[in-house]
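Asker: please work out how this folds:
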Amino acid sequence: MNIDWKVAPKNARWWAVDANGEAHWFCEPDIAAFTDFWFSEPIDAPSFGFDGDWRASLTERPSRFGLVR
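Answerer: Below you'll find the predicted structure:
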């Protein structure tokens with residue numbers, strides 16, 4: 001399976017499928033100022049033909065130099 005990172009949001013760092021079979025982009029979390037918590041909203045993504053176990057779908061975006069960050 002090949003994830004087309006060219007269609008991902010600019011700040012997307014991960015792609016994954018959830019237990020319902022829906023694919024999402026995940027971005028770096030936003031950290032709320034003066035708090036101890038962070039949040040990140042998933043963004044709908046194409047499935048890229050993924051048909052495996054959703055628990056093995058998490059894929060990190062490669063760096064622009066070909067290495068994972």
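Asker: and the next helix or strand past the lowest-mean-pLDDT helix or strand in the chain?
Answerer: For the chain, using mean pLDDT, DSSP states H and E, the weakest element among its helices and strands is strand 38-39, scoring a mean of 68. Counting by DSSP states H and E, the next helix or strand C-terminal to strand 38-39 is strand 43-44.
Asker: same question for that following strand, mean pLDDT?
Answerer: The average of the pLDDT scores along strand 43-44 is 96.
Asker: count the neighbours of the closest residue to E28 other than its chain neighbours for me.
Answerer: Nearest non-adjacent residue to E28, counting by CB to CB, 6 or more residues apart in numbering: R13, 5.5 Å away. Placement of C-beta: from N, CA and C, glycine included. R13 has 15 neighbours, counted by other CB atoms under 10 Å.
Asker: contacts only, for E22.
Answerer: By CB atoms under 8 Å, 6 or more residues apart in numbering, E22 lies in contact with D44.
Asker: and for this protein, the residue most distant from the center?
Answerer: Distance from the C-alpha centroid of the chain peaks at F34, with 26.3 Å (CA atoms, centre = their mean).
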